[in-house]
Every structure is written in structure tokens, then in C-alpha cells.
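Undergrad: Kindly generate the corresponding structure for this input.
(one chain, ligands or ions: 2)
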Amino acid sequence: MSAEGTTPSPRELIEQTLQQIRPLDHEAGAAAAGAMDGKVKPLGSLGQLETLAARLAGIQATTEPHVEAPAVVICAGDHGITATGVSAYPQEVTALMLGGFAAGTAAVGVLAREAGIRLLVADLGVIQAPVIESGQNVVLDRRVRAGTANSLEGPAMTLAQAQQAVAHGVGLADLLIDDGADLIGLGEMGIGNTTAASALTASLLDRDPARVTGPGTGVTGEALTAKIAAVDAVLRRHGDLDDPWQILAAVGGLEIAALTGVVLRCAARRVPVLLDGFVATAAALVAWRIEPRSADAMIAATLSPEPGHAVQLEALGLEPVLRLGMRLGEGSGAALAVPILRSAAAVLRDMGSFADLGLADEKPTA
Ligand SMILES: O=C(O)c1ccc[n+]([C@@H]2O[C@H](COP(=O)([O-])O)[C@@H](O)[C@H]2O)c1
Ligand SMILES: Cc1cc2nc[nH]c2cc1C
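TA: Ligands and ions are numbered 1, 2, ... in the order given. This next block holds a predicted model:
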């Protein structure tokens, strides 16, 4: 432990966070499910909205779950593996999009505004990041290094850098939660990061790279075959790793590591964390491998068409809220799912029950 009054080191902050993670409050979840059954409607007729309300209750440990101050945190970083030609777009787009997030003109900016969601943007290591002085959203400087190294040639980052990025994620979650956020969505931006996410997924779940590697921004045909071969080569380069920290440092990304920290802190502070697509879910997989109970705080917003996403969600035992074929990232799917979660909480809070009508027996008669 650090001496009183000093800031904890990344490792200490992560250790404290892990110690605070508790499983779902099953009592609150069951009470919410029971209350939902008593509402004036045929039993189960609100479908997944009912299970979502109960899950929110279990995560927040209350029979009156709330989604009043939702936020999306976007972490951005560059990837050395782009030098191998794994993306349909050039690396400069990462820096370009940082400007779009600040200005509020990126897709997630529009969707977040529509749904009344606060956006927080952090630069974890974008190469040639623009100097952003004003805009609708601030971009926080949480740079660990200028992009990762090419994981085909060596570790993407050192273990200390991975821990620093995770600790930054813990701090970002704290910033939002201390400010009142009661649900946090994960957003990411980083050209090349679907390759890192595929390598992480294949390694963490011990799957064939071909099963969990897809087009990303639009890589098809021979280029996709080469991308799969690159993921395969990355895994062979780093040998048989099992420890999630080693895997994260060897083949992950700075923005992915930060989102792992966001997930862990949300789990520790009983704040529901809304996963977005394939890359954000790779960060969640790392969190789950570090501390399996962190999965209790997760809700999957969307199902990405990236082939590895369904594999990830199955491993985490999660059912997506939306299936819209979205594969953008940025937290766009998380932003879209927020109104549904807000509605789930509102139904549980505001809907009348059979008991209110003086009808005790709300069960079907046949
Ligand atoms: O979230 C997804 O499912 C998803 C699927 C494909 C692409 N993306 C986004 O596209 C970028 C990475 O794609 P790529 O092809 O450069 O690896 C990155 O900025 C992600 O946010 C995201
Ligand atoms: C333009 C563009 C925007 C994105 N947002 C998230 N990933 C992205 C990738 C590209 C290429």
C-alpha cells in the first residue's frame, strides 16, 4: 500500500479495484423480477426488457434501478500492426476522428446527443494527435506512449505500460461515477484495433484465429486471408501465453487496456457497464479473465457482424440488447442501447401492478 496522502501506483489502484468487485446482488435482482411479474401485463410479455430491469437491479444492488445520468467513454489509441496492412483505412484516421469526437460531429456524438448521454474522450496514445483547444467534448490527455509497437515484431507494450493504461481507465470511470454517472458505455477508436482484438480473443479464449478474425473496417478477399495470417503469426510470435496481463501487453492496445480498467472499476463500484462491439468486448474479455466476477456488471449493447463478437459474448454469457448489424465502434451501439435500458428501469419504477388494482392473483389461469 502507498503511504497515506500519496497517490496509489497503477498496480495498487488495480489491486484495490479488484478487491472491491462483488457478484450480482441476486436478492435485489430477484425482487425486481418479482415486481416485474406483478405489473399489469401478461407474464413475461415485456421480454428482454424485464430481464434487463432485473439485471440493472442486481448490478446496482437496488430494487429501484436507474439510468438517469448515462455516459460513454471513448478511448483512442494507435496500433503498430497497421504497418502490416491489416486495415482498410490509414492510421491517420485515428487522429482525425479524435477531432470529430471533440467537435461532436462523429456518429457517436450525434447518437449521444439524441439520447442525452455524456461523452468523455481520452487519448491513450494516438500518433500525431491534433491539438484540440475547444469543442463540444474535451479530450483528456492520458497518453501512455505514441501508439503500440507492432506485435508481429515484439510485445505491443510493456507490462508496466499496460497497467498504466488500465489504471487510466480506472481513473476515467471514477471521474464519471464521482460526477454522478449511473451507467457507462464503452467506446473505442484505433485504426488496426480489430486485429489486436482478434489476437486477444483467440489467445484469451484459445480459439482458432480464422474463427475470430473478420473484415474490421472492410478488409475482404486476399487481404482478409492475410489479416488472419497476421493474427496467427502474432500468436505464434508470443508463444503459449495464458496470463491475461501478459496477453494484454503482448498483443493488445492502449485504448483496449484503458477500457479494461473502465470495466473493472464499474464492476467494483456497481455501475452497469455497456459493452459496444467487437473491440470493446475484447477489453471486457480481458477484465473477465483478470476477475471473472466483473462479467456480472456487463450488459452487451449490440451484436457486431465481426465473426468473433458472438464468440466473445457466448464466453461472457451475454445476450445483446440490439442486433442492427452495426460495426462502427466509438460506443455508437452503446449510445443506441441506452434509451432501452432507461425504459427498462422506468417500467420497473412507474408501471402499475395487479396489486394496485386490488387483484391479488396476477398469474395466468390456464
Ligand atoms: O466494434 C466493432 O465491432 C468494430 C468492427 C469493425 C471496426 N470497428 C472500428 O474500426 C476501427 C478498427 O478497424 P480496423 O479495420 O482498422 O481494424 C476501430 O476504430 C473500431 O472502432 C469496430
Ligand atoms: C472513418 C472511420 C470512423 C471510425 N470510427 C470508429 N472507427 C472508425 C474507422 C473509420 C475508418
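Undergrad: ok but residue 74 is inside a strand, no?
TA: Yes - remark: residue 74 belongs to a strand, assigned using DSSP: H, G, I helix; E, B strand; the rest coil.
Undergrad: so who does it touch?
TA: Each residue near residue 74 by C-beta atoms under 8 Å, 6 or more residues apart in numbering is listed here: 101, 108, 119-122, 187-189, 330-331. Just so you know, the C-beta spots here come from the backbone N, C-alpha and C atoms, and that holds for glycine as well.
Undergrad: let's see 10 Å
TA: By C-beta atoms under 10 Å, 6 or more residues apart in numbering, the residues touching residue 74 are 97-98, 101, 106, 108-109, 112, 119-123, 137, 139, 172, 185-189, 255, 258-259, 276, 280, 329-332, 334.
Undergrad: if I look at it, how far off is residue 141?
TA: 14 Å (C-beta to C-beta, to the nearest Å).
Undergrad: what residues do those two have in common as contacts?
TA: Listed as contacting both residue 74 and residue 141 by C-beta under 10 Å, 6+ apart are 122-123.
Undergrad: circling back: quick check on the contacts of residue 74: which are buried?
TA: Neighbour-count burial (16 or more other C-beta atoms under 10 Å) is assigned, among the contacts of residue 74, to 97-98, 101, 106, 108-109, 112, 119-123, 137, 139, 172, 185-189, 255, 258-259, 276, 280, 329-332, 334.
Undergrad: Return the subset of these lying in strands.
TA: Among these, the ones falling in strands (DSSP state E) are 119-123, 139, 185-189.
Undergrad: By pLDDT, rank the residues you listed and give me the bottom one.
TA: Note: of these, the lowest pLDDT belongs to residue 139, at 94.
Undergrad: which stretches of the stretch 151-300 of the chain form helices?
TA: Taking DSSP state H, counting those that start in this stretch, the helices of the stretch 151-300 of the chain run over residues 159-178, 193-205, 221-238, 244-251, 254-268, 278-290.
Undergrad: Of all residues in the stretch 51-200 of the chain, which one is closest to ligand 2?
TA: For the stretch 51-200 of the chain and ligand 2, the shortest gap (C-beta to the nearest ligand atom) falls at residue 89, measuring 3.8 Å.
Undergrad: Pull the contacting residues for that residue.
TA: 82, 96-97, 191-192, 216-219.
Undergrad: ok, now residue 75?
TA: Here residue 75 is in contact with 120-125, 140, 142, 165, 168-169, 172, 186-190, 253-262, 279-280, 283, 331 (C-beta under 10 Å, 6+ apart).
Undergrad: Which one of the contacts of residue 89 is nearest to residue 238?
TA: Of all the contacts of residue 89, residue 238 sits closest to residue 192, with 16.9 Å by C-beta to C-beta.
Undergrad: Surely the closest one and residue 147 touch.
TA: Yes - using C-beta atoms under 10 Å, residue 192 is in contact with residue 147, at 9.1 Å.
Undergrad: intersection of neighbour lists for these two?
TA: 77-82, 91, 94, 253.
Undergrad: Would you format those residues as TSV with secondary structure included?
TA: Putting those into TSV (three-state DSSP) gives the following:
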residue	secondary structure
77	strand
78	coil
79	coil
80	helix
81	helix
82	helix
91	coil
94	helix
253	coil
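Undergrad: neighbour-wise, which of those leads?
TA: Counting neighbours by other C-beta atoms under 10 Å, residue 253 leads these with 37 neighbours.
Undergrad: Quick check: nearest residue in space to that one, chain neighbours excluded?
TA: Closest residue in space to residue 253, ignoring its immediate chain neighbours: residue 196 at 4.4 Å, by C-beta to C-beta, 6 or more residues apart in numbering.
Undergrad: and the one you found, what does it touch?
TA: 77, 79-81, 86, 148, 151, 156, 190, 231, 234, 248, 251-256, 279, 282.
Undergrad: Would you mind measuring from the nearest residue to residue 192 once chain neighbours are set aside to ligand 1?
TA: Excluding the flanking residues, the one nearest residue 192 by C-beta to C-beta, 6+ apart is residue 79, at 3.4 Å. Going from residue 79 to ligand 1 by C-beta to the nearest ligand atom, to the nearest Å gives 8 Å.
Undergrad: now do residue 359
TA: Residue 359 is 46 Å from ligand 1, where distance means C-beta to the nearest ligand atom.
Undergrad: Pretty sure that residue sits against residue 39.
TA: No - Residue 359 is beyond contact range of residue 39, at 11.7 Å (criterion: C-beta under 10 Å).
Undergrad: and for the two, which residues touch both?
TA: Contacts common to residue 359 and residue 39, judged by C-beta under 10 Å, 6+ apart, are residue 353.
Undergrad: More neighbours: those two, which one.
TA: Each of residue 359 and residue 39 has its neighbours counted (other C-beta under 10 Å); residue 39 has more, 22 against 11.
Undergrad: Keep only those of the contacts of residue 75 that are also close to ligand 2.
TA: Residues of the contacts of residue 75 in contact with ligand 2 (C-beta under 6 Å from any ligand atom): residue 189.
Undergrad: re earlier: any chance of TSV for the helices of the stretch 151-300 of the chain, columns distance to residue 26 and mean pLDDT?
TA: Converted to TSV, the helices of the stretch 151-300 of the chain look like this (distance: least, C-beta to C-beta, whole Å; pLDDT from 0 to 100):
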stretch	distance to residue 26	mean pLDDT
helix 159-178	23	98
helix 193-205	27	98
helix 221-238	38	98
helix 244-251	26	98
helix 254-268	16	99
helix 278-290	19	99
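Undergrad: Now do the one residue in the stretch 1-150 of the chain that gets nearest to ligand 1 against residue 325, distance only.
TA: Here the stretch 1-150 of the chain gets closest to ligand 1 at one residue, residue 87, 3.2 Å apart by C-beta to the nearest ligand atom. Distance, residue 87 to residue 325, by C-beta to C-beta: 20 Å.
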